[in-house]
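J.: please work out how this folds:
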Amino acid sequence: MASSLTCAGVVWAFLSFLCAAASCVGFFMPYWLLGSQLEKSVSFGTFRRCSYPVRDESRQTTVMVEQCGRYASFQAIPSAEWRICTVVTGLGCGLLLLVALTALMGCCVSDLISRTVGRVAGGIQFLGG
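T.: Modelled structure (predicted):
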């Protein structure tokens, strides 16, 4: 197995992958904000929510739906700030994952990552973070 990375590069590749995986898991989990509403535990993230209120028109009351799910559409995300956060965080996770997978491939393929590519990848990681 030939590698184009130094020992520091191999460590960087594995740490990059672990950080990208943690970022992606954090992005997809709906536990960014925790609280309670109508005496039920609720949580939500940028595009997912758990235990959310819904208006029951037949009984003219608000009931809690005790399940996790994503918003029905991008416009259903409660505010413009959360929509921006969803896009920016999703793009950041994508960039981090791209760099991490490229770095891991550099552990197996010789001459894949040069000094310049490593520096550019580090800059992309900075932007992604």
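J.: need the longest helix for this structure.
T.: helix 80-108 (DSSP state H).
J.: mind listing what's buried in that helix?
T.: 82-83, 85-86, 89, 92-93, 95-97, 99-100, 102-104, 106-107 (16 or more other Cβ atoms under 10 Å). In short, each C-beta sits where N, CA and C put it, glycine included.
J.: from the contact counts, what lies against it?
T.: Applying 3 or more Cβ pairs under 8 Å, 6 or more residues apart in numbering; DSSP states H and E, we find helix 80-108 packed against helix 7-28, helix 115-128.
J.: and that helix, how far from the chain's centre?
T.: 7 Å (Cα atoms, centre = their mean, to the nearest Å).
J.: I'd like the average pLDDT over that helix.
T.: Regarding helix 80-108, the rounded mean pLDDT is 86.
J.: could you give the angle of that helix to helix 115-128?
T.: Interaxial angle of helix 80-108 relative to helix 115-128 (axes from the mean of the first three to the mean of the last three Cα atoms, to 10 degrees): 160 degrees.
J.: sorry, back to before: make a markdown table from the helices and strands packed on helix 80-108 and add distance to residue 55, mean neighbour count and mean pLDDT to it.
T.: As requested, the helices and strands packed on helix 80-108 are exported to a markdown table (distance: least, Cβ to Cβ, whole Å; neighbours: other Cβ atoms under 10 Å; pLDDT from 0 to 100):
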| stretch | distance to residue 55 | mean neighbour count | mean pLDDT |
| --- | --- | --- | --- |
| helix 7-28 | 28 | 16 | 86 |
| helix 115-128 | 39 | 14 | 77 |
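J.: tabulate those helices (CSV), appending distance to residue 46.
T.: Shown next, in CSV, are the helices and strands packed on helix 80-108 (distance: least, Cβ to Cβ, whole Å):
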stretch, distance to residue 46
helix 7-28, 7
helix 115-128, 16
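J.: what's the closest of those helices to residue 78?
T.: helix 7-28 (17.2 Å; Cβ to Cβ).
J.: and that closest one, how far from the chain's centre?
T.: Centroid separation for helix 7-28 versus its chain: 12 Å, with Cα atoms, centre = their mean.
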